[in-house]
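Novice: Below: sequence and its predicted model.
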Amino acid sequence: MNVTSDQKAKILVVDDVPANVRLLEAVLTPSGYDVIGAADGHRALELVESDQPDLVLLDVMMPGIDGYEVCRRIRASERTAVLPVVMVTSSEVREKTDAIEAGADDFIPKPFQRDELLTRVRSLLRIKRYHDTIKAQAVELAALNQTLAERVEAQVEELERLRRLRRFLSPQLAEVIVSSGDESILQSHRRQVAMFFADLRGWTHFVDSVEPEELTRVLREFHHEIGLLVKRFDATVGFLEGDGVQLFFNDPIEMPDAALRAVALGCALREAMAELTTRWHKRGYDLDFGAGLALGYATCGEVGFEGRSDYAAIGTVTNLASRLADEATGGQILITQRLYAEVEDAVDAEPVGPFTLKGFKQPVAAFNVTAVRQSEF
């Protein structure tokens with residue numbers, strides 16, 4: 001047992017003479033110690049294992065295994081290697097030397113003095129108490145280290161998941177999914193989405209006329225504006241390749257105002273591009289942007305392979321938004337009739353078209369959005 005100042009220490013007295021056991025018990029018990037006795041070495045070792053005493057008073061000469069051998073076996077066990085052992089010896093020097101070599105912490109000569117015995121017992125128990133405290137703190141520290149290691153591992157794993165999700169989600173949406181601990185929403189499923197496509201007008205000519213460094217600079221400026229809007233409107237990034245960008249709303253996190261968010265993002269991009277294209281024109285670049293939006297069902301989910309994957313929404317709605325973006329002139333935001341029906345109370349738009357789009361048998365009616373009247377974003 002571990003001894004504290006408030007606990008009653010247990011002392012094992014080992015002697016083959018019952019009178020000697022009773023004598024030691026008569027001295028120790030009034031001082032507040034719990035005394036147990038053993039008449040031989042074998043019984044002493046059994047009690048050391050079963051009763052876990054805090055100190056052993058051990059006679060040297062006993063039938064069977066003597067006190068030296070009992071002490072050596074106590075020291076051989078890792079659990080009792082530091083258990084205080086006091087040998088009760090004669091006053092002969094040789095016997096004391098053998099006791100120390102066997103591993104005894106101290107020895108008491110026969111006949112013993114009461115006060116000397118109690119002083120040595122208290123001293124050894126105090127040392128054991130310090131040792132027990134250090135041992136308990138070591139166990140507690142090991143447990144804390146294990147807990148800390150597990151927390152660090154969990155946080156590293158969470159950061160990795162967050163980094164992966166942020167490749168195609170706004171930071172807010174990525175953190176929502178990570179904190180929920182459920183990524184099953186990323187598995188393939190069908191859902192209605194508001195699809196947004198945009199790219200730059202004049203891009204092909206621009207690519208052929210500038211150095212790669214300037215091309216990279218323009219793309220970085222354009223993508224920076226897109227990134228700000230993705231975060232602001234909680235959009236999901238389908239892809240961001242060259243001058244083309246595909247975003248969608250209502251997946252993997254459902255949002256009741258997905259259609260209006262998509263249109264509002266388009267108008268916000270137009271405002272941002274007004275400043276950006278002005279700077280580009282000063283540098284001699286005739287660039288602008290056009291956008292197409294559609295509302296419909298798509299198959300959504302993570303696509304790719306381990307180590308390299310994206311989140312995609314695939315369906316007719318994807319192609320429709322892309323084709324409308326192709327028809328948009330500089331600064332124009334074209335939306336389908338179905339999407340307009342969802343947002344007509346909140347936006348200003350004028351009918352355009354119909355457009356004959358590649359891949360669609362029937363001409364497609366569309367609306368050109370001129371402003372958003374109601375927006376909380």
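Specialist: Looks like it arrived, so ask away.

Novice: quick check, T329 in a helix?
Specialist: No - with DSSP: H, G, I helix; E, B strand; the rest coil as the criterion, T329 is located in coil rather than a helix.

Novice: neighbours around it, how many?
Specialist: T329 has 11 neighbouring residues, counting by other CB atoms under 10 Å. (Each C-beta comes from the backbone N, C-alpha and C, glycine too.)

Novice: Now it: closest residue in space, sequence neighbours ignored.
Specialist: With CB to CB, 6 or more residues apart in numbering as the criterion, T329 has its nearest non-adjacent residue at 6.1 Å, and that residue is G290.

Novice: Looking at the helix or strand that neighbour falls within now, give me its mean pLDDT.
Specialist: With elements taken from DSSP states H and E, the one containing G290 is strand 288-305. Across strand 288-305, the average pLDDT comes to 88.

Novice: which of the residues in the helix or strand following it are buried?
Specialist: The helix or strand immediately downstream of strand 288-305 is strand 308-314, counting by DSSP H and E. Residues of strand 308-314 classed as buried under the neighbour-count rule (16 or more other CB atoms under 10 Å) are 311-313.

Novice: same check, this time on stretch 240-247
Specialist: Within stretch 240-247, the residues that count as buried by 16+ other CB under 10 Å are 240, 243, 245-247.

Novice: Pipe the residues you listed into a markdown table and attach secondary structure and pLDDT per row.
Specialist: Rendered in a markdown table, the data for the buried residues of stretch 240-247 read as follows (DSSP: H, G, I helix; E, B strand; the rest coil; pLDDT from 0 to 100):
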| residue | secondary structure | pLDDT |
| --- | --- | --- |
| L240 | strand | 78 |
| D243 | coil | 89 |
| V245 | strand | 92 |
| Q246 | strand | 92 |
| L247 | strand | 94 |
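
Novice: among those, which two are most distant?
Specialist: Put simply, by CB to CB the two of the buried residues of stretch 240-247 set farthest apart are D243 and L247, 14.3 Å from each other.

Novice: and the angle for the longest helix along the chain with strand 288-305?
Specialist: The helix of greatest length in the chain, counted in residues with DSSP state H as the criterion, is given as helix 114-165. Helix 114-165 and strand 288-305 meet at an angle of 130 degrees, taking axes from the mean of the first three to the mean of the last three CA atoms, to 10 degrees as the criterion.

Novice: who does helix 114-165 touch, helix- and strand-wise?
Specialist: In terms of contact count using 3 or more CB pairs under 8 Å, 6 or more residues apart in numbering; DSSP states H and E, helix 114-165 is assigned the packing partners helix 18-28, strand 55-59, strand 85-89, strand 106-109, helix 171-180.

Novice: Try it again at 7 Å.
Specialist: Where contact means 3 or more CB pairs under 7 Å, 6 or more residues apart in numbering; DSSP states H and E, helix 114-165 is packed against strand 55-59, strand 106-109, helix 171-180.

Novice: for the record, mean pLDDT for the longest one?
Specialist: Going back to what we said before, that points to helix 171-180. Mean pLDDT, computed over helix 171-180, is 68.

Novice: Can I get the next helix or strand after that helix in PDB, CA atoms only?
Specialist: On the C-terminal side of helix 171-180, the nearest following helix or strand under DSSP H and E is strand 189-201. Listed in PDB are the C-alpha atoms of strand 189-201, where the atom choice follows Å, rounded to 0.1, in the frame of the first residue of the first chain:
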ATOM      1  CA  HIS A 189     -25.700  11.400 -53.600                       C
ATOM      2  CA  ARG A 190     -28.300  13.400 -55.500                       C
ATOM      3  CA  ARG A 191     -29.200  16.900 -54.600                       C
ATOM      4  CA  GLN A 192     -30.600  20.100 -56.100                       C
ATOM      5  CA  VAL A 193     -27.800  22.700 -56.400                       C
ATOM      6  CA  ALA A 194     -27.500  26.200 -57.700                       C
ATOM      7  CA  MET A 195     -24.600  26.000 -60.200                       C
ATOM      8  CA  PHE A 196     -22.300  29.000 -60.900                       C
ATOM      9  CA  PHE A 197     -19.800  29.200 -63.800                       C
ATOM     10  CA  ALA A 198     -17.600  32.200 -64.600                       C
ATOM     11  CA  ASP A 199     -14.600  32.900 -66.800                       C
ATOM     12  CA  LEU A 200     -12.800  35.800 -68.400                       C
ATOM     13  CA  ARG A 201     -13.700  37.400 -71.600                       C
END
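
Novice: And L287, how close does it get to A272?
Specialist: Distance of L287 to A272, computed by CB to CB, to the nearest Å: 13 Å.

Novice: Would you map the helices across the stretch 201-350 of the chain?
Specialist: Using DSSP state H, counting those that start in this stretch, the helices of the stretch 201-350 of the chain run over residues 203-209, 212-233, 258-282, 316-327, 337-343.
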